[in-house]
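S.K.: Quick check, what structure comes out for this input:
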Amino acid sequence: MIEGLSRRLGLRLRFALFFAALGLGGTALIGTGLWIGHARSGGPIDGYVIAGVLGGLGVLGLSVWIGLLFDENVAKPILALASDLTTRARADVDLDVDESQARHLGALAPAANAINTALSEARAARQRAIARETARIAREKALFEALFRDLGEGAVVVTPDNRVMLYNRMAQDLLGDIGLDRPLSAFLRPEPITDALSRMQKARVRGEVTAETFLAASADGARFMLGRVSPILSDEELSGHVLIFQDATEELSTHAKHDHLFTALMEGVRRPAGTIGALLELTDSDEDLTPETRERVRQGIKDELARLFACVDDMGKRHAKIKSRHWPMSPVAANHIFDGISASADTPLRTIRSEAMLSCDGFAVITLLRILVGHLFEQGTRNVLTLYVEEDADETRLILGWQGEPVTDGQLTELLCNPLSPAYGEYSGRDALNAHQTDLWSEPEDGGYRIVLPLASANPPLTPCDARPEFYDFNLPEAPKGDMSNTPLSELSFVVFDTETTGLSPRGGDEIVQIAGLRIVNGRILHGETFETLVNPGRSIPAASTQVHHITEEMVADAPSIAEAGRRFHDFCRGAVLVAHNAPFDLAFLRLKENVIGRRFDNPVLCTVLMSAGLFDHSGQHTLDALCDRFGVHIPPEARHTAMGDAVATAEVFVRMLGLLEAKGVTTLGAAIAEEGRMTKIRKAQAY
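M.R.: Alright, predicted model coming up:
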């Protein structure tokens, strides 16, 4: 019972009770001594009472004074040391303990620092040992990441309950804001996947392990994904599924357009052909037609032939347009095209290097330009051939320049009519230009001539250094079911967010100008899964606010409204616990706009201010800067008071707090919320 009471009472309260008992005990002893003295010696009692009161008050006052000194110089420093040591033990913080806060405790502070140093050294030794043991695994992991990241198809690995635990860059490009621990149904329509999984399960029952195909629309219905799904089996137990897919939208659209084009062609040809046939039959069967009738018949044939030719011409143009969209184009570096031409050219060729990227059939372009280069040197009347590019908005022009005789349009036309390569069959240079929806021509240039080939520009592809660092997690906990209050904090997904506003009064007309957030899954901060947007507040931004967050009215002029930004942010937060520093402030701005946004922000919420007040109740400093100093988190000065900079700092602080909460016995979401409720009164007295 005494031990339980001791745990419930804080150290400072126990010391206060000790000195209170000491004062009251001393007062009682003085009173008892005076009573015994009066009983033996007699005399007036007034003097004894006055002496007892003065002595008791003196003892009580002395006890209070010594107790306050003890609290300030012993109790608080002990709590500070205990908090620092717990923080360093539980949150992997390697900062030295501040010995000045415990200068009156003699050797205790240096001893605490020695313990902290030993802990840091042990932790470093452990990390070195782990690093040595995992070096091979790290190499295999890097190889896996490189191979998987650059697959030409989208790839996603999901848990048995269809939550994402791995994805590659192509999947991200095709499905948008895909993320770890998110349900697959948020990105793909679930019905075709469910059907494929059902077929796969039936095959497993028959003893067959096969991949099943599916054709599923993206969640927004804008794309169709054609792919296959395969089971992941471990000791005959299903541990997940692998989905490999590609964008079939253009292919399906092209197929539909071809079918429609063929139908339109048949309809367009059938009527004129039937009419022409009938008119010809009329002229053959009746040789006595009058000249006027025969002229009308001939004119009718001409009209129907004109309609027939117009139909065929229109169908040809529409087919060329469909073909050009369907022809396989990919991002190709201009330098790679230059290298391909130079490697096969039999003549000296100067190239001017460029970082330009083209969207084209690289093989066809290289082959076409190589044919042109060969023709230019064939006659020996041209020299100083140069390859370079000119960039202009969405177009990049490949230029082949030379000195000497010009090339006539007739020569170019003849060259373009020839087949490009045996690999392409009868596919000619003109066909290649049509497929790219472009043309080429010759023109004079600075005492020489040049051939210009315009092609569509392409965005630079992602390089290995652009790889997202957190694109898989094979140890995802089970998804929370029902009430999340009993779910361990370690098994929850969090969105740590921050807002910048026009002012501090959400009910007084101030508005959000920036929202940023990032996700925490399985205890990891996913720096690759972030949300950040400026918001047009629909009102002016005071100069005083701009001085804090550096966001001007010009910066938000073309930004989305809170309605659009709020919906996107709500989607980003789906299924997660919201975390913010002084969360009530940021949430007030969002909840006041729920009617405009059309969504309710009813996610569970945790506040790092209240968490800090509960963990470090001996301190009155719970600002974000104070917490970063406590946990050794560095905020670059240029990132402070930006939504993303503060969100990242809050996330770094929060993941360190989780270990301290667990050490305190706060392990579930419900317990954390209850702890915050207990600290609400303390929050009102703290600086944040």
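S.K.: Confirm that residue 533 lies within a strand, as I assumed.
M.R.: Yes - judged by DSSP: H, G, I helix; E, B strand; the rest coil, residue 533 forms part of a strand.
S.K.: From what I see, it and residue 513 are in contact.
M.R.: No - taking C-beta atoms under 8 Å as the contact criterion, residue 533 and residue 513 are not neighbours in contact, 10.1 Å apart. The C-beta positions use only the backbone N, C-alpha and C, and glycine is treated the same way.
S.K.: Neighbour count for the two, which is higher?
M.R.: Just comparing residue 533 and residue 513: by other C-beta atoms under 10 Å the higher neighbour count belongs to residue 513, 26 against 17.
S.K.: Where does that one sit, in terms of helix or strand?
M.R.: Residue 513 belongs to strand 512-521 when assigned by DSSP states H and E.
S.K.: can you tell me the distance between the two ends of stretch 511-529?
M.R.: 25 Å (C-alpha to C-alpha, to the nearest Å).
S.K.: Mind listing what's buried along that stretch?
M.R.: 511-523, 525-526, 529 (16 or more other C-beta atoms under 10 Å).
S.K.: partners of the strand holding residue 513 in the sheet?
M.R.: Taking DSSP bridges as the criterion, strand 512-521 forms sheet pairs with strand 494-501 (antiparallel), strand 524-534 (antiparallel).
S.K.: Check which element follows the last one along the chain.
M.R.: When you say that, I think you mean strand 524-534. Toward the C-terminus, strand 524-534 is succeeded by helix 543-549 as the next helix or strand (DSSP H and E).
S.K.: Residues contacting that following helix, please?
M.R.: By C-beta atoms under 8 Å, 6 or more residues apart in numbering, the surrounding residues in contact with helix 543-549 are 500, 501, 502, 503, 513, 514, 551, 552, 641, 642, 643.
S.K.: Run through the neighbouring helices and strands of the strand or helix carrying residue 34.
M.R.: Take DSSP H and E as the rule and residue 34 turns out to sit in helix 11-41. In this structure, helix 11-41 packs against helix 45-70, helix 76-90, with contacts taken as 3 or more C-beta pairs under 8 Å, 6 or more residues apart in numbering; DSSP states H and E.
S.K.: Counting by contacts, list what the longest one packs against.
M.R.: What it means is helix 45-70. Identification of packing neighbours for helix 45-70 by 3+ C-beta pairs under 8 Å, 6+ apart yields helix 11-41.
S.K.: any idea of the mean pLDDT for the helix it packs on?
M.R.: Taken as a whole, helix 11-41 carries a mean pLDDT of 74.
S.K.: and that helix with helix 45-70, angle?
M.R.: Counting by axes from the mean of the first three to the mean of the last three C-alpha atoms, to 10 degrees, helix 11-41 lies at 160 degrees to helix 45-70.
S.K.: related to what we said a few turns ago, now render the helices and strands packed on helix 11-41 as CSV, adding mean pLDDT and mean neighbour count.
M.R.: What follows is the helices and strands packed on helix 11-41, written out as CSV (pLDDT from 0 to 100; neighbours: other C-beta atoms under 10 Å):
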stretch, mean pLDDT, mean neighbour count
helix 45-70, 75, 14
helix 76-90, 67, 19
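S.K.: tell me, what residue is most central in the protein?
M.R.: residue 529 (2.4 Å; C-alpha atoms, centre = their mean).
S.K.: my guess is that residue contacts residue 517, does it?
M.R.: No - contact status for residue 529 versus residue 517: not in contact, 9.5 Å apart, counting by C-beta under 8 Å.
S.K.: quick one on the thing from earlier: nearest to residue 213, out of the helices and strands packed on helix 11-41?
M.R.: Taking C-beta to C-beta, helix 76-90 is the member of the helices and strands packed on helix 11-41 nearest to residue 213, at 49.4 Å.
S.K.: And stretch 621-632, what's buried?
M.R.: So for stretch 621-632, counting by 16+ other C-beta under 10 Å, buried means 622, 624, 626, 627, 628, 630, 631.
S.K.: which of these sit farthest apart?
M.R.: When those are compared pair by pair using C-beta to C-beta, the two farthest from each other are 622 and 631, 12.5 Å apart.
S.K.: Residue 519 versus the residue nearest to the centre of the chain, what's the distance?
M.R.: Relative to residue 519, residue 529 is positioned 5 Å away (C-beta to C-beta, to the nearest Å).
S.K.: Mind listing the shared neighbours of those two?
M.R.: 179, 180.
S.K.: before we move on, back to that, which single one of the buried residues of stretch 621-632 is nearest to residue 305?
M.R.: Each of the buried residues of stretch 621-632 was scored against residue 305 by C-beta to C-beta, and residue 624 proved nearest at 81.0 Å.
S.K.: do you know how far the closest one is from residue 527?
M.R.: As for residue 624, its distance to residue 527 is 19 Å (criterion: C-beta to C-beta).
S.K.: go on, residue 342?
M.R.: Using C-beta to C-beta, we find residue 342 at a distance of 41 Å from residue 527.
S.K.: With residue 609 instead?
M.R.: Residue 609 sits 24 Å away from residue 527 when distances are taken as C-beta to C-beta.
S.K.: Kindly report the same for residue 236.
M.R.: When C-beta to C-beta is applied, the distance between residue 236 and residue 527 equals 37 Å.
S.K.: which regions of the stretch 551-688 of the chain sit below the pLDDT cut-off?
M.R.: For the stretch 551-688 of the chain, the stretches with pLDDT under 70 are 618-620, 680-688.
S.K.: Can you show me the strands along it?
M.R.: Counting by DSSP state E, counting those that start in this stretch, residue ranges of the strands within the stretch 551-688 of the chain are 577-580, 605-607.
S.K.: mind checking which of those is nearest residue 66?
M.R.: Between residue 66 and the strands of the stretch 551-688 of the chain, the shortest separation by C-beta to C-beta is 37.9 Å, and it involves strand 605-607.
S.K.: Pairing partners for that closest one, with directions?
M.R.: Looking at strand 605-607 with DSSP bridges, its partner strands are strand 577-580 (parallel).
S.K.: Need the pLDDT of the residue nearest to the centre of the chain.
M.R.: On pLDDT, residue 529 comes in at 89.
S.K.: Quickly note the distance from it to residue 573.
M.R.: With C-beta to C-beta as the criterion, residue 529 and residue 573 are 12 Å apart.
S.K.: Residue 179 now?
M.R.: Note on residue 179: its distance to residue 573, by C-beta to C-beta, is 11 Å.
S.K.: before we move on, back to that, and which of the contacts of helix 543-549 is nearest to residue 202?
M.R.: The shortest gap between residue 202 and any of the contacts of helix 543-549 belongs to residue 643, at 49.6 Å (C-beta to C-beta).
S.K.: What number of residues are in the vicinity of that closest one?
M.R.: Neighbouring residues of residue 643 were enumerated by other C-beta under 10 Å; the total is 27.
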